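> What follows is a predicted structure for the sequence shown.
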Amino acid sequence: MGKLFGTDGIRGVANAELTAELAFKTGRSGAYVLTKNAGRRPRIIIGKDTRKSGDMLEAALTAGLCSVGAKVIPLGVIPTPAVAYLVRKYKADAGVVISASHNPCEYNGIKFFNSEGYKLKDEIENEIEDYIEGRKSIGELPTHGNVGYVATNHNAVEDYVQFAISTIDCRLDGLKIAIDCANGASYQTAFLALNKLGANVEAIHNTPDGVNINAMCGSTHMESLKAYVTSIGADVGIAFDGDADRMLAVDEKGNLIDGDQIMAVCAKSLMEQGKLAKNTLVATVMSNLGLFLAGEKLGINIPKTKVGDRYVLEEMLDKGYVIGGEQSGHIIFLEHNTTGDGLVSALQFLSVLKKSGKKASELASIVTVLPQVLKNAHIKPENKSKYMQFPEIAEACRALEEEFSGEGRVLIRPSGTEPLVRVMIEGQDIEYIEKKAEELADLIEKICG
């Protein structure tokens, strides 16, 4: 797999790339690095999404954690952001999530949170990797009563739901809300939270079977939710991804409300309440040009980071900002949680909807979304970082950037988790940018695939 840790933990096809052996070594190495200075038996919580391979990886990971003396507390199926919150609530030394987020069911992943609920810094991941691959040795392992063990917890779902509800100061009575749980980790928590707040909730894709996670549903496949919202006359629809760290919405007419629009709505509301620190919303280079134009109109500063929630978070922590995120719906409300949280984001948006008395379509209209096309070029993994070294690709990119300058944007970047190069073009003419993006993606695939 090359470097084990990507942009969001260790990912791969379960039982092929991400094996039980690797999970065991990751558990042992991760627990050792994160807790070697604890001075007591470390406490580590584990959450997972609904993939069938989660049980296998959890068992191996748990064995690795116990082998260095950890007390392991499995939380069962629960959203990724719940682990980030509960590691703090339960005063654990670390949290682990077994999930591949929005990827298909054959993939899985392992990522860590430190005791403060933040994803690990690169240097910590590098140190864990050194132990996994044998460049460093843990040394003597505990024996007798010092070997680790597994404890139970039956309150994780309820504790997380209560936390999420506490992040807003209104009820949602009178709102009819359709939710798409992606057959993933939100299948219990989302319905419970909205139901407790008095909403009329109708759910689809909330019957996980271990293999249907993200299968033509959730925030990466919005078609069924769009149709469902209009068919039942819902006020709004909310879609989560497999591990529920991101969400997108659908207005009452069945139109998509993307992460850029959700962030703009919430940032505007925070600004009106005097809670938008430095009048700033953090976005990434992938955010639509329409968001930045809306920011100018509203008087909201919008700095751009590299793609990836870790870069958004770094900027927020460094400068003291309270909201930031991605067009994909990965939104961080730093006042409430340390990572993107689909349920918290949904509740923030829904509270604005309820308090304003407006339709979802009217709220979202503060951002005029410029047509945007995203095409994936499937390439060999070894070409992910060097595709621009091919003269033909470099020239095609340069020509397109020159052509669209001032009237749109061209952005080409490698995926952080898959063997893909993503080609994104924004412009006024959807058919033309679709054609150009297809041509460039085909060229990249032909040369690097």
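Thanks, I have the structure now. Residues are numbered from 1 along each chain as shown.
> so where's the chain shaky on pLDDT?
Per-residue confidence of the chain (counting by pLDDT under 70) places the weak regions at 1-2, 406.
> Distance check, the residue nearest the centre of it against residue 345.
If you average the C-alpha coordinates of the chain and look for the closest C-alpha using CA atoms, centre = their mean, you land on residue 245, 4.3 Å from that point. Residue 245 sits at a distance of 9 Å from residue 345 (criterion: CB to CB, to the nearest Å). Backbone N, C-alpha and C define where each C-beta goes, glycine included.
> what number of residues lie near the nearest residue to residue 257 once chain neighbours are set aside?
Leaving out its chain neighbours, the residue that sits closest to residue 257 by CB to CB, 6 or more residues apart in numbering is residue 249, at 3.9 Å. Residues near residue 249, counting by other CB atoms under 10 Å, number 30.
> what helix or strand is residue 249 on?
Assigning secondary structure by DSSP states H and E places residue 249 in strand 247-250.
> Quick one: list the elements packing against that strand.
helix 223-232, strand 236-240, strand 256-257, helix 259-272, helix 342-356, helix 360-364 (3 or more CB pairs under 8 Å, 6 or more residues apart in numbering; DSSP states H and E).
> Secondary structure class of the residue nearest to the centre of the chain, three-state.
For residue 245, the secondary-structure state derived from DSSP: H, G, I helix; E, B strand; the rest coil is coil.
> where does it fall, phi/psi-wise?
The phi and psi torsions at residue 245 (degrees, to the nearest 10) take the values phi -100, psi 0.
> show me the contacts for it.
For residue 245, the residues meeting the contact criterion (CB atoms under 8 Å, 6 or more residues apart in numbering) are 79, 80, 81, 101, 309, 330, 339, 340, 341, 342.
> can you redo those as CSV with distance to residue 164?
Rendered in CSV, the data for these read as follows (distance: CB to CB, whole Å):
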residue, distance to residue 164
79, 9
80, 13
81, 9
101, 19
309, 18
330, 16
339, 13
340, 13
341, 8
342, 10
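> Now render the residues you listed as JSON lines, adding neighbour count, secondary structure and distance to residue 134.
Formatted as JSON lines, the entries for the contacts of residue 245 read as follows, by neighbours: other CB atoms under 10 Å; DSSP: H, G, I helix; E, B strand; the rest coil; distance: CB to CB, whole Å:
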{"residue": "79", "neighbour count": "32", "secondary structure": "coil", "distance to residue 134": "34"}
{"residue": "80", "neighbour count": "30", "secondary structure": "helix", "distance to residue 134": "29"}
{"residue": "81", "neighbour count": "32", "secondary structure": "helix", "distance to residue 134": "33"}
{"residue": "101", "neighbour count": "28", "secondary structure": "coil", "distance to residue 134": "29"}
{"residue": "309", "neighbour count": "23", "secondary structure": "helix", "distance to residue 134": "31"}
{"residue": "330", "neighbour count": "25", "secondary structure": "coil", "distance to residue 134": "34"}
{"residue": "339", "neighbour count": "23", "secondary structure": "coil", "distance to residue 134": "31"}
{"residue": "340", "neighbour count": "29", "secondary structure": "coil", "distance to residue 134": "34"}
{"residue": "341", "neighbour count": "30", "secondary structure": "coil", "distance to residue 134": "36"}
{"residue": "342", "neighbour count": "33", "secondary structure": "helix", "distance to residue 134": "38"}
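> Tell me which two of these sit farthest apart.
Farthest apart among these by CB to CB are 79 and 309. That separation is 14.3 Å.
> Show me what the one helix or strand residue 23 maps to is packed up against.
Element membership of residue 23, judged by DSSP H and E, is helix 20-35. Other helices and strands packing on helix 20-35, by 3+ CB pairs under 8 Å, 6+ apart, are strand 43-48, helix 53-67, strand 94-98, strand 107-114, helix 122-132.
> now that helix against strand 43-48, angle please.
Interaxial angle, helix 20-35 versus strand 43-48 (axes from the mean of the first three to the mean of the last three CA atoms, to 10 degrees): 140 degrees.
> Residue 181: neighbour count?
Burial of residue 181 is recorded as 29 neighbouring residues (other CB under 10 Å).
> Was I right to think it contacts residue 202?
No: using CB atoms under 8 Å, residue 181 is not in contact with residue 202, being 11.5 Å away.
> buried stuff in stretch 359-374?
Within stretch 359-374, the residues scored as buried using 16 or more other CB atoms under 10 Å are 360, 363, 364, 365, 366, 367, 369, 370, 371, 372, 373.
> oh sorry, the question was meant for stretch 80-100
Neighbour-count burial for stretch 80-100, with 16+ other CB under 10 Å as criterion, is recorded at 80-88, 90, 92-100.
> what's the offset of it from the middle of its chain?
Centroid separation for stretch 80-100 versus its chain: 14 Å, with CA atoms, centre = their mean, to the nearest Å.
> Quick check: end-to-end length of it?
Its first and final residues considered, stretch 80-100 spans 10 Å by CA to CA, to the nearest Å.
> Centre of this protein to the edge, which residue is at the far end?
Taking CA atoms, centre = their mean, the residue of the chain most remote from its mean C-alpha position is residue 144, at 40.3 Å.
> Show me the domain layout of the chain.
Split into domains by automatic domain parsing, the chain comes to 5-154, 159-364, 372-448.
> Any idea how far the second one is from the middle of the chain?
It refers to domain 159-364. Using CA atoms, centre = their mean, the offset of domain 159-364 from its chain centre is 12 Å.
> next one: stretch 43-61
Computed by CA atoms, centre = their mean, the chain-centroid distance of stretch 43-61 equals 18 Å.
> Report the buried residues of the lengthiest helix in the chain.
Of all the elements of type helix in the chain, the one with the most residues (DSSP state H) is helix 430-448. Residues 433, 436, 437, 440, 441, 443, 444, 445, 447, 448 are the ones in helix 430-448 that count as buried (16+ other CB under 10 Å).
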